[in-house]
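Trainee: Structure for this input, please:
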Amino acid sequence: MFRHDPPSPDWFTADDSVLSVALVFPMQGSAGIFGPTCELCAQLAAEEVNRAGGVLGRELRLLPVDGGGVPREVADHVEALVDLGVVQGVTGWHISSVRQALAPRIAHRVPYVYTALYEGGEHTAGVFLTSETPRDQLRPAMGLLAHERGVRRWFVVGNDYVWPRRTARSAHTYARESGGTVQGEVYLPLGTHDFDAVLRRIERSDADGVIMLLVGSDAVRFNRAFGAAGLDARCLRLSTLMDENMLMASGPTATVDLYSTAGFFASLANQDTLDFHGQYAGRFGVEAPALGSLGESCYEGVLLLAALIGRARTLDVSAIGAAAETVSYEGPRGLLHLRGSHVRQRIYLARADGVDFDVVAQLDLHESHP
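Mentor: Next comes the predicted model:
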């Protein structure tokens, strides 16, 4: 549950040898399904940073914060930690509604690295972003599926908040670019269980592709209902938020003709990914929660935050921002650089094969800013 308690007295101890970072990730709600992976991946990165000497000679220490609660309450909690001097930075995966509540309060005071894929357009000073946006993720995926699979009639199913709605707005443009249309849109509250009415609308629309903008366990339940209704025989699904944990929870009968697009898949057969698997399994064991793009993004967030502070040689947010364009770091997604406060990276399209992903293409990046 979301903790309303004030920080424990131990956290108030002034210790110049420690740099504390709030790791904001979902411990409850729809996104809680991949929360454990987020925490472990971030922990792995922090340990790596500390083995290399820490940040500005200080030990990097993560303070977990539940990012799965009401956005305003999450922002209240993190702002209090900043006010008290308990944390000197913020990172983690949380939905855009939380980012929008949090960024205006803390981004000008401490560096804030946001790791979730999102709708694009975030340019608040002091916010740095590691993950995908629709232009580089959804646009080429829709174009490729239109070309290779002949998808022309899309239907959008999303949760009812800023990321799905703004991404769907972009999807209308991307559909037109490949000679298609968006036939309909439905937005559902986080935590939805009943998809019967949505499935009937999809069937009546004669759609041949469904864009899924559903979070965590909501996407799992939708996949199961979609497969049970037999709609996978007539239209494919494309998700920009579908990791290995969600795929396994959906089950093999619910993932027929399901595509996902992301900057990382655990099944990528390159050295960076294989090395990451080895580090993760070596540290947490083979029974640890499955690796996927959403958890892995938190590893990236910790590495980027350390690189930003290390390059600026200070915790001053203005100085960090001024030096950001010269920052690079190397992780499971390869050697990455910032441009316009966003990490530039390769994006892949994968098709579900039972409860695993088969990466079928690397998508072309567009040169404009997100």
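Trainee: Quick check: pLDDT value at the residue nearest the centre of the chain.
Mentor: Nearest to the geometric centre of the chain sits Ala116, at 2.8 Å (C-alpha atoms, centre = their mean). With respect to pLDDT, Ala116 scores 97.
Trainee: Can you classify it as helix, strand or coil?
Mentor: For Ala116, the assignment made with DSSP: H, G, I helix; E, B strand; the rest coil gives coil.
Trainee: is it true that Trp163 touches Glu122?
Mentor: No. Using C-beta atoms under 8 Å, Trp163 is not in contact with Glu122, being 11.1 Å away. In short, each C-beta sits where N, CA and C put it, glycine included.
Trainee: The two: which has the busier surroundings?
Mentor: Trp163 (24 against 19; other C-beta atoms under 10 Å).
Trainee: Next one: the more buried one from Leu349, what distance?
Mentor: To Leu349, Trp163 is 20 Å away according to C-beta to C-beta, to the nearest Å.
Trainee: Please apply the same query to Gly85.
Mentor: 44 Å.
Trainee: These two - which one has more neighbours?
Mentor: A side-by-side neighbour count of Gly85 and Leu349, using other C-beta under 10 Å, places Leu349 first with 22 against 12.
Trainee: which outside residues touch whichever strand or helix holds that one?
Mentor: According to DSSP states H and E, Leu349 maps onto strand 347-353. Residues outside strand 347-353 that contact it (C-beta atoms under 8 Å, 6 or more residues apart in numbering): 132, 136-137, 140-141, 144, 247, 255-265, 267-268, 357-363, 365.
Trainee: tell me how far the top helix by length along the chain is from the chain's mean position?
Mentor: Determined from DSSP state H, the single longest helix within the chain is helix 293-312. Put simply, helix 293-312 sits 13 Å off its chain's centre (C-alpha atoms, centre = their mean, to the nearest Å).
Trainee: May I have that helix as PDB, with CA atoms only?
Mentor: Output of helix 293-312 as PDB, limited to C-alpha atoms (Å, rounded to 0.1, in the frame of the first residue of the first chain):
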ATOM      1  CA  SER A 293      11.800  -3.300 -21.100                       C
ATOM      2  CA  LEU A 294       9.900  -1.700 -18.200                       C
ATOM      3  CA  GLY A 295      12.100  -3.000 -15.400                       C
ATOM      4  CA  GLU A 296      15.200  -2.600 -17.500                       C
ATOM      5  CA  SER A 297      14.400   1.100 -17.900                       C
ATOM      6  CA  CYS A 298      15.000   1.600 -14.200                       C
ATOM      7  CA  TYR A 299      18.500   0.200 -14.700                       C
ATOM      8  CA  GLU A 300      19.000   2.800 -17.400                       C
ATOM      9  CA  GLY A 301      17.500   5.500 -15.200                       C
ATOM     10  CA  VAL A 302      20.100   4.900 -12.400                       C
ATOM     11  CA  LEU A 303      23.000   4.800 -14.900                       C
ATOM     12  CA  LEU A 304      21.900   8.100 -16.600                       C
ATOM     13  CA  LEU A 305      21.400   9.900 -13.300                       C
ATOM     14  CA  ALA A 306      24.800   8.900 -12.100                       C
ATOM     15  CA  ALA A 307      26.300   9.900 -15.500                       C
ATOM     16  CA  LEU A 308      24.500  13.300 -15.400                       C
ATOM     17  CA  ILE A 309      25.800  14.200 -12.000                       C
ATOM     18  CA  GLY A 310      29.200  12.800 -12.700                       C
ATOM     19  CA  ARG A 311      29.700  14.900 -15.800                       C
ATOM     20  CA  ALA A 312      28.400  18.100 -14.200                       C
END
